[in-house]
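In: what follows is a protein structure lacking sequence information:
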(Lines give C-alpha, C1' and ligand atoms only; values in the text may rest on other atoms or scores of the structure.)
Protein backbone atom coordinates (compact mmCIF):
# COMPACT_ATOMS: atom_id res chain seq x y z
CA UNK A 1 0.00 0.00 0.00
CA UNK A 2 1.19 3.51 -0.80
CA UNK A 3 0.29 6.04 1.85
CA UNK A 4 1.57 9.40 2.92
CA UNK A 5 2.68 9.60 6.57
CA UNK A 6 0.02 12.19 7.35
CA UNK A 7 -2.70 9.65 6.47
CA UNK A 8 -1.12 6.63 8.18
CA UNK A 9 -2.91 5.34 11.31
CA UNK A 10 -0.95 3.66 14.09
CA UNK A 11 -0.99 -0.09 14.63
CA UNK A 12 -3.71 0.00 17.29
CA UNK A 13 -6.02 2.16 15.17
CA UNK A 14 -5.47 -0.06 12.13
CA UNK A 15 -6.32 -3.24 14.03
CA UNK A 16 -9.34 -1.62 15.69
CA UNK A 17 -10.60 -0.62 12.24
CA UNK A 18 -10.09 -4.16 10.91
CA UNK A 19 -11.86 -5.67 13.91
CA UNK A 20 -14.82 -3.32 13.54
CA UNK A 21 -15.24 -4.09 9.83
CA UNK A 22 -15.09 -7.90 9.83
CA UNK A 23 -15.19 -8.13 6.03
CA UNK A 24 -12.48 -7.81 3.41
CA UNK A 25 -10.82 -9.14 0.28
CA UNK A 26 -8.18 -11.86 0.60
CA UNK A 27 -5.73 -12.18 -2.26
CA UNK A 28 -3.01 -14.73 -3.07
CA UNK A 29 -0.85 -15.57 -6.08
CA UNK A 30 -1.07 -18.94 -7.80
CA UNK A 31 2.15 -18.54 -9.77
CA UNK A 32 0.43 -17.13 -12.82
CA UNK A 33 -2.22 -14.71 -11.66
CA UNK A 34 -3.78 -13.21 -8.53
CA UNK A 35 -6.63 -15.10 -6.86
CA UNK A 36 -9.03 -13.18 -4.60
CA UNK A 37 -12.30 -13.55 -2.68
CA UNK A 38 -14.46 -11.24 -0.56
CA UNK A 39 -14.95 -12.81 2.88
CA UNK A 40 -16.08 -12.23 6.48
CA UNK A 41 -13.45 -12.90 9.12
CA UNK A 42 -12.57 -12.79 12.82
CA UNK A 43 -9.54 -10.93 14.12
CA UNK A 44 -7.90 -12.89 16.94
CA UNK A 45 -4.59 -12.86 18.80
CA UNK A 46 -2.02 -15.51 19.67
CA UNK A 47 -0.73 -15.79 23.23
CA UNK A 48 2.23 -13.54 22.34
CA UNK A 49 -0.08 -10.82 20.96
CA UNK A 50 0.44 -11.62 17.28
CA UNK A 51 -2.76 -10.83 15.36
CA UNK A 52 -4.38 -13.54 13.24
CA UNK A 53 -7.23 -13.42 10.75
CA UNK A 54 -9.51 -16.49 10.72
CA UNK A 55 -11.79 -17.06 7.73
CA UNK A 56 -13.10 -19.82 5.49
CA UNK A 57 -13.69 -20.45 1.81
CA UNK A 58 -15.66 -22.97 -0.22
CA UNK A 59 -13.66 -26.14 -0.85
CA UNK A 60 -13.92 -25.45 -4.57
CA UNK A 61 -12.44 -21.97 -4.19
CA UNK A 62 -8.99 -21.70 -5.79
CA UNK A 63 -7.70 -20.21 -2.53
CA UNK A 64 -8.44 -23.48 -0.72
CA UNK A 65 -6.33 -25.47 -3.16
CA UNK A 66 -3.57 -22.90 -3.02
CA UNK A 67 -3.45 -23.01 0.79
CA UNK A 68 -3.43 -26.82 0.70
CA UNK A 69 -0.45 -26.89 -1.68
CA UNK A 70 1.43 -24.34 0.40
CA UNK A 71 0.72 -26.17 3.65
CA UNK A 72 2.14 -29.41 2.20
CA UNK A 73 5.46 -27.72 1.34
CA UNK A 74 6.84 -27.86 4.86
CA UNK A 75 10.45 -27.23 3.84
CA UNK A 76 9.88 -24.00 1.90
CA UNK A 77 8.99 -20.54 3.20
CA UNK A 78 5.27 -19.79 3.09
CA UNK A 79 4.37 -16.94 0.70
CA UNK A 80 2.40 -14.03 2.09
CA UNK A 81 -1.24 -13.45 1.29
CA UNK A 82 -2.92 -10.06 1.41
CA UNK A 83 -6.12 -9.19 3.27
CA UNK A 84 -7.51 -5.81 2.19
CA UNK A 85 -10.10 -4.29 4.52
CA UNK A 86 -11.88 -1.24 3.17
CA UNK A 87 -14.18 1.19 4.93
CA UNK A 88 -16.21 4.14 3.74
CA UNK A 89 -15.09 6.17 0.72
CA UNK A 90 -16.40 9.30 -0.97
CA UNK A 91 -15.55 11.70 -3.77
CA UNK A 92 -14.67 15.29 -2.85
CA UNK A 93 -15.39 18.12 -5.30
CA UNK A 94 -12.95 21.05 -5.51
CA UNK A 95 -15.98 23.33 -5.16
CA UNK A 96 -16.42 22.21 -1.56
CA UNK A 97 -13.21 23.80 -0.29
CA UNK A 98 -13.11 27.27 1.15
CA UNK A 99 -9.69 27.84 -0.43
CA UNK A 100 -9.25 28.32 -4.19
CA UNK A 101 -7.13 26.30 -6.62
CA UNK A 102 -8.15 22.84 -5.36
CA UNK A 103 -8.43 19.59 -7.32
CA UNK A 104 -10.78 16.59 -7.05
CA UNK A 105 -9.84 13.85 -4.62
CA UNK A 106 -11.25 10.74 -2.96
CA UNK A 107 -11.36 10.19 0.79
CA UNK A 108 -11.32 6.67 2.23
CA UNK A 109 -10.19 4.34 4.99
CA UNK A 110 -8.34 1.09 4.27
CA UNK A 111 -6.00 -1.35 6.00
CA UNK A 112 -3.94 -4.11 4.38
CA UNK A 113 -2.78 -7.12 6.37
CA UNK A 114 -0.28 -9.61 5.02
CA UNK A 115 1.29 -12.85 6.17
CA UNK A 116 1.37 -16.61 5.60
CA UNK A 117 -1.83 -18.66 5.67
CA UNK A 118 -2.37 -22.15 7.07
CA UNK A 119 -5.32 -24.55 7.04
CA UNK A 120 -7.30 -25.06 10.25
CA UNK A 121 -7.15 -28.51 11.78
CA UNK A 122 -9.35 -30.59 14.09
CA UNK A 123 -11.87 -28.65 16.15
CA UNK A 124 -10.60 -25.29 14.92
CA UNK A 125 -13.07 -25.00 12.04
CA UNK A 126 -16.11 -25.62 14.26
CA UNK A 127 -14.81 -23.13 16.82
CA UNK A 128 -14.20 -20.59 14.06
CA UNK A 129 -17.74 -20.90 12.70
CA UNK A 130 -19.19 -20.45 16.19
CA UNK A 131 -17.03 -17.39 16.82
CA UNK A 132 -17.85 -15.87 13.43
CA UNK A 133 -21.62 -16.22 13.77
CA UNK A 134 -21.53 -15.05 17.40
CA UNK A 135 -19.65 -11.92 16.39
CA UNK A 136 -22.02 -10.84 13.66
CA UNK A 137 -25.18 -11.94 15.45
CA UNK A 138 -24.12 -9.62 18.31
CA UNK A 139 -24.52 -6.72 15.89
CA UNK A 140 -28.25 -7.50 15.75
CA UNK A 141 -28.91 -7.35 19.51
CA UNK A 142 -31.37 -7.42 21.19
CA UNK A 143 -32.41 -10.14 18.73
CA UNK A 144 -31.62 -13.55 20.27
CA UNK A 145 -28.45 -14.76 18.53
CA UNK A 146 -28.55 -17.56 15.99
CA UNK A 147 -26.15 -20.42 16.78
CA UNK A 148 -24.91 -23.41 14.84
CA UNK A 149 -26.82 -25.67 17.23
CA UNK A 150 -30.00 -24.64 15.37
CA UNK A 151 -28.81 -26.62 12.35
CA UNK A 152 -29.26 -30.39 12.38
CA UNK A 153 -26.08 -32.34 13.00
CA UNK A 154 -26.16 -33.91 9.54
CA UNK A 155 -26.52 -30.63 7.71
CA UNK A 156 -23.90 -28.95 9.88
CA UNK A 157 -21.41 -31.71 9.14
CA UNK A 158 -22.16 -31.56 5.41
CA UNK A 159 -21.67 -27.78 5.36
CA UNK A 160 -18.37 -28.08 7.22
CA UNK A 161 -17.15 -30.66 4.72
CA UNK A 162 -17.86 -28.15 1.94
CA UNK A 163 -15.56 -25.44 3.32
CA UNK A 164 -11.93 -25.01 4.34
CA UNK A 165 -10.94 -22.93 7.36
CA UNK A 166 -7.87 -20.72 6.98
CA UNK A 167 -5.77 -18.60 9.35
CA UNK A 168 -3.45 -15.76 8.36
CA UNK A 169 -0.68 -14.92 10.81
CA UNK A 170 -0.37 -11.17 10.36
CA UNK A 171 3.23 -10.10 9.80
CA UNK A 172 2.68 -6.66 8.27
CA UNK A 173 0.01 -3.99 8.78
CA UNK A 174 -0.40 -1.03 6.42
CA UNK A 175 -3.15 1.55 6.71
CA UNK A 176 -4.34 4.73 5.07
CA UNK A 177 -7.09 6.90 6.56
CA UNK A 178 -7.23 9.68 3.98
CA UNK A 179 -9.40 12.33 5.62
CA UNK A 180 -7.84 15.59 4.41
CA UNK A 181 -5.56 15.78 7.48
CA UNK A 182 -3.16 18.01 5.51
CA UNK A 183 -5.75 20.69 4.81
CA UNK A 184 -6.37 23.89 6.78
CA UNK A 185 -9.02 24.09 9.50
CA UNK A 186 -11.34 26.11 7.30
CA UNK A 187 -11.09 23.60 4.44
CA UNK A 188 -11.46 20.71 6.88
CA UNK A 189 -14.77 22.13 8.12
CA UNK A 190 -15.94 23.00 4.61
CA UNK A 191 -15.38 19.50 3.23
CA UNK A 192 -16.83 17.76 6.30
CA UNK A 193 -19.87 20.00 6.03
CA UNK A 194 -20.35 19.15 2.35
CA UNK A 195 -19.94 15.44 3.00
CA UNK A 196 -22.49 15.32 5.82
CA UNK A 197 -25.08 16.80 3.49
CA UNK A 198 -24.66 14.09 0.86
CA UNK A 199 -27.36 11.37 0.69
CA UNK A 200 -24.67 8.67 0.65
CA UNK A 201 -24.15 7.01 4.04
CA UNK A 202 -20.43 6.53 3.35
CA UNK A 203 -19.95 10.27 2.82
CA UNK A 204 -21.78 10.99 6.07
CA UNK A 205 -19.62 8.48 7.93
CA UNK A 206 -16.44 10.10 6.62
CA UNK A 207 -17.78 13.48 7.73
CA UNK A 208 -18.11 12.07 11.24
CA UNK A 209 -14.56 10.73 11.11
CA UNK A 210 -13.28 14.14 10.01
CA UNK A 211 -15.20 15.79 12.82
CA UNK A 212 -13.59 13.41 15.33
CA UNK A 213 -10.12 14.40 14.09
CA UNK A 214 -10.62 18.08 14.98
CA UNK A 215 -13.53 18.21 17.46
CA UNK A 216 -12.65 21.74 18.57
CA UNK A 217 -13.73 23.02 15.15
CA UNK A 218 -17.19 21.56 15.62
CA UNK A 219 -17.89 22.58 19.19
CA UNK A 220 -21.43 23.58 20.07
CA UNK A 221 -22.23 27.10 19.06
CA UNK A 222 -22.42 28.87 15.75
CA UNK A 223 -20.06 27.08 13.41
CA UNK A 224 -20.21 26.39 9.73
CA UNK A 225 -21.06 22.77 10.60
CA UNK A 226 -24.03 23.84 12.76
CA UNK A 227 -25.31 26.22 10.12
CA UNK A 228 -25.06 23.73 7.28
CA UNK A 229 -26.59 20.80 9.15
CA UNK A 230 -29.58 22.68 10.57
CA UNK A 231 -32.89 21.87 8.86
CA UNK A 232 -33.90 24.54 6.40
CA UNK A 233 -36.02 27.30 7.90
CA UNK A 234 -34.66 26.91 11.44
CA UNK A 235 -32.10 29.73 11.25
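Out: Thanks, I have it. What you see is a predicted model, and the numbers here were worked out from it, not measured in a lab. Residues are numbered from 1 along each chain as shown.

In: which residues touch stretch 8-17?
Out: Outside stretch 8-17, the residues within contact range by CB atoms under 8 Å, 6 or more residues apart in numbering are 43, 51, 85, 87, 109, 111, 173, 174, 175, 176, 177. Backbone N, C-alpha and C define where each C-beta goes, glycine included.

In: okay, these in CSV with neighbour count next?
Out: Supplementary listing: these in CSV, determined by neighbours: other CB atoms under 10 Å:
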residue, neighbour count
43, 20
51, 20
85, 24
87, 17
109, 24
111, 24
173, 18
174, 17
175, 22
176, 18
177, 22
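
In: how about the strands in this structure?
Out: Assignment of strands within the chain using DSSP state E yields the ranges 23-29, 34-40, 42-45, 51-58, 81-92, 105-115, 117-119, 163-169, 172-178.

In: need those strands in CSV (columns: distance to residue 150).
Out: Putting these into CSV (distance: least, CB to CB, whole Å) gives the following:
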stretch, distance to residue 150
strand 23-29, 23
strand 34-40, 19
strand 42-45, 20
strand 51-58, 19
strand 81-92, 29
strand 105-115, 32
strand 117-119, 27
strand 163-169, 18
strand 172-178, 36
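
In: now render those strands as JSON lines, adding distance to residue 188 and mean pLDDT.
Out: Conversion of these to JSON lines gives the following (distance: least, CB to CB, whole Å; pLDDT from 0 to 100):
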{"stretch": "strand 23-29", "distance to residue 188": "28", "mean pLDDT": "97"}
{"stretch": "strand 34-40", "distance to residue 188": "32", "mean pLDDT": "97"}
{"stretch": "strand 42-45", "distance to residue 188": "30", "mean pLDDT": "96"}
{"stretch": "strand 51-58", "distance to residue 188": "32", "mean pLDDT": "97"}
{"stretch": "strand 81-92", "distance to residue 188": "12", "mean pLDDT": "98"}
{"stretch": "strand 105-115", "distance to residue 188": "11", "mean pLDDT": "98"}
{"stretch": "strand 117-119", "distance to residue 188": "40", "mean pLDDT": "94"}
{"stretch": "strand 163-169", "distance to residue 188": "36", "mean pLDDT": "96"}
{"stretch": "strand 172-178", "distance to residue 188": "13", "mean pLDDT": "97"}
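
In: residue 196 is nearest to which of the ones you listed?
Out: In terms of CB to CB, the element of those nearest to residue 196 is strand 81-92, at 10.6 Å.

In: relative to strand 51-58, how tilted is that closest one?
Out: Strand 81-92 runs at 90 degrees relative to strand 51-58, counting by axes from the mean of the first three to the mean of the last three CA atoms, to 10 degrees.

In: please identify the buried residues of strand 81-92?
Out: Within strand 81-92, the residues scored as buried using 16 or more other CB atoms under 10 Å are 81, 82, 83, 84, 85, 87, 88, 89, 90, 92.

In: tell me the bridge partners for the residue nearest to the fourth one when sequence neighbours are not counted.
Out: Meaning residue 84. Setting aside the residues directly before and after it, residue 84 is nearest to residue 25 in space (CB to CB, 6 or more residues apart in numbering), at 4.6 Å. Residue 25 has these beta-bridge partners by DSSP bridges: residue 38, residue 84.

In: what's the neighbour count on residue 191?
Out: 25 (other CB atoms under 10 Å).

In: can you tell me how far the residue lying closest to residue 129 once chain neighbours are set aside is from residue 125?
Out: With CB to CB, 6+ apart as the criterion, residue 129 has its nearest non-adjacent residue at 5.9 Å, and that residue is residue 148. In this structure, residue 148 lies at 11 Å from residue 125, with CB to CB, to the nearest Å as the measure.

In: who's more crowded, the two?
Out: Each of residue 148 and residue 125 had its neighbours counted (other CB under 10 Å), and the higher figure belongs to residue 125 (19 against 14).
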